[in-house]
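Q: what would the 3D arrangement of this be:
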Amino acid sequence: MAAVPNGIHNPGTADGWHGVIPSAEFPAERDRYHLYIGLFCQFAHRANFVRHLKGLADFIDISIVKPYPKSDEGWRFPSSDEEYSGATVDHLFGEDYLHKIYFRADPEYKGRYSVPVLWDQKAGTIESAELLRWLPTAFNELLPATLASVDLYPSHLRAKIDSITSWMQDDINFGVYKAGFSPTQEVYEKNVVPVFGALNKIEQIIAQNGGPFVLGKEITELDIRLYATLIRFDVGYAQYFKCNLGTIRHDYPVLNNWLKGMYWDVEASRASTNFKHIKENYTKSTNPNAITHMGPFPDIEEGVERHWSRLVVGGVKHPAVLEYEQTLPNLP
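A: Residues are numbered from 1 along each chain as shown. You can find the predicted model right below:
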């Protein structure tokens, strides 16, 4: 195994890897990198979404862990590609558990064994887990102009992207987990309110910008961050994380239309979404009887409203939600 480059990871610690493509250590090359993901994980979903959106499937191969069970040894690969639909064997090393990939990069690693993982086959190490910011441009020099021109962090929108990210990441993307894993009733009631305050705010922002994306006509990394959470909301978070002050399809007409548009109009959305993995990750990992809910039906609704002005802005009207909503900043 090649030595881990200095400054990329501190061996024997819980520190993650912080390599970036392209760089001197990690150049953009076809078939050099291998992506490990779980289709259930919203953060791995972001990387897989970009992989499809930017046409990187021919550059980066993929291995997919099963959505359950997660033991003390972490996520497991199926014994064959037929064992569990949508999951795959470890195509690189034939390992049974994801943690063994981490130990290949650092035998003394002491951190979490999470997805996504981007493995460098030449350096014998892992690249950064913070993929969303740099992966969209990492292979531009090798892509056709139509794909290279897809910019998820355009300079003229960066101030708005950064402003929304500052609270959307904490209140929505991580917020559902803070609510779902709250240790007490008091903590839960404190944590669930920001989720819906932020959803109320995003509902208004999309309506003001006229869709079809968060900031208007251009898809940005905000859409990918939001999609990876909201595609799981009604089918998972509302039920198993107790985020049920409202649902996307019932209480948020604009967000629901945005979500339908993302799913049906953006091919990368459908290519990277697997509802079976999403549902069974929650139910069969946390439910002692491993019973998976059938609903809601359908998982995602059809019928995108193309005339956004016809939509009535919705939101959850709980007093604490409305109070929190007022604390969120307006766009610069």
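
Q: mind giving me the domain split of this structure?
A: 33-148, 155-325 (automatic domain parsing).

Q: tell me which of those lies nearest to residue 26.
A: Smallest distance to residue 26 across the domains of the chain (C-beta to C-beta): 6.2 Å, for domain 33-148. C-betas here are computed from N, CA, C, even on glycine.

Q: out of the domains of the chain, nearest to residue 23?
A: When these are compared (using C-beta to C-beta), the closest one is domain 33-148, at 9.4 Å.

Q: now the end-to-end length of that closest one.
A: End-to-end distance for domain 33-148: 19 Å, by C-alpha to C-alpha, to the nearest Å.

Q: start the count at 26 instead of 1 going forward.
A: Let's use 26 as the start, then, which means that last one is domain 58-173.

Q: let me see the mean pLDDT of that domain.
A: The average pLDDT for domain 58-173 rounds to 93.

Q: next one: stretch 319-329
A: 95.

Q: and the nearest residue to residue 225 once chain neighbours are set aside, how far from residue 201?
A: Excluding its sequence neighbours, the residue lying closest to residue 225 (C-beta to C-beta, 6 or more residues apart in numbering) is residue 340, at 3.9 Å. Distance of residue 340 to residue 201, given as C-beta to C-beta, to the nearest Å: 17 Å.

Q: out of the two, which sits in the more crowded spot?
A: A direct count of neighbours by other C-beta atoms under 10 Å for residue 340 and residue 201 places residue 201 higher, at 25 against 22.

Q: longest helix in the chain, by number of residues?
A: Longest helix of the chain, by residue count under DSSP state H: helix 210-234.

Q: show me what the helix or strand just after that one is packed up against.
A: Sequence-wise, the next helix or strand downstream of helix 210-234 (DSSP states H and E) is helix 246-255. Using 3 or more C-beta pairs under 8 Å, 6 or more residues apart in numbering; DSSP states H and E as the contact test, the elements touching helix 246-255 are helix 67-78, helix 156-163, helix 183-193, helix 278-290.

Q: the same query, at a cut-off of 6 Å, please.
A: helix 67-78 (3 or more C-beta pairs under 6 Å, 6 or more residues apart in numbering; DSSP states H and E).

Q: buried sites along the helix it packs on?
A: 67-78 (16 or more other C-beta atoms under 10 Å).

Q: got TSV for those residues, with distance to residue 147 too?
A: Converted to TSV, those look like this (distance: C-beta to C-beta, whole Å):
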residue	distance to residue 147
67	30
68	25
69	23
70	27
71	25
72	20
73	22
74	26
75	22
76	19
77	24
78	25
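
Q: closest to residue 107 among the residues you listed?
A: residue 73 (21.1 Å).

Q: return the residues in contact with that closest one.
A: Residues in contact with residue 73 (C-beta atoms under 6 Å, 6 or more residues apart in numbering) are 62, 297.

Q: from residue 241, how far out is it?
A: Residue 73 is 25 Å from residue 241, by C-beta to C-beta.

Q: cool, residue 317 as well?
A: Residue 317 is 38 Å from residue 241, by C-beta to C-beta.

Q: tell me the contacts of the closest residue to residue 200 other than its chain neighbours?
A: Nearest residue to residue 200 in three dimensions, chain neighbours excluded: residue 220, at 4.2 Å (C-beta to C-beta, 6+ apart). Counting by C-beta under 6 Å, 6+ apart, residue 220 makes contact with 200, 204, 268.

Q: now do residue 195
A: With C-beta under 6 Å, 6+ apart, residue 195 has no contacts at all.

Q: can you classify the residue nearest to residue 51 when sequence neighbours are not counted by secondary structure?
A: Spatially, and ignoring its direct neighbours in sequence, residue 51 is nearest to residue 44 (5.0 Å; C-beta to C-beta, 6+ apart). Three-state call for residue 44 (DSSP: H, G, I helix; E, B strand; the rest coil): coil.

Q: state the distance from residue 44 to residue 141.
A: From residue 44 to residue 141 the distance is 13 Å (C-beta to C-beta).

Q: so these two - more neighbours on which side?
A: residue 141 (23 against 20).

Q: and that one, backbone torsions?
A: When read as degrees, to the nearest 10, the backbone of residue 141 gives phi -90, psi 160.

Q: could you double-check that it lies in contact with residue 62?
A: Yes. Residue 141 lies in contact with residue 62 (C-beta atoms under 6 Å); the separation is 4.9 Å.

Q: overlap of the contact sets of these two?
A: residue 69.

Q: output the below-cut-off pLDDT ranges for the stretch 226-357 of the chain.
A: 311-313 (pLDDT under 70).

Q: which SS state does residue 322 fall under?
A: Classified using three-state DSSP, residue 322 is coil.

Q: now it: how far from residue 288?
A: 15 Å.

Q: more neighbours: the two, which one.
A: residue 288 (20 against 7).

Q: contacting residues for the more buried one?
A: 294, 325.

Q: no further queries at this time; thank you.
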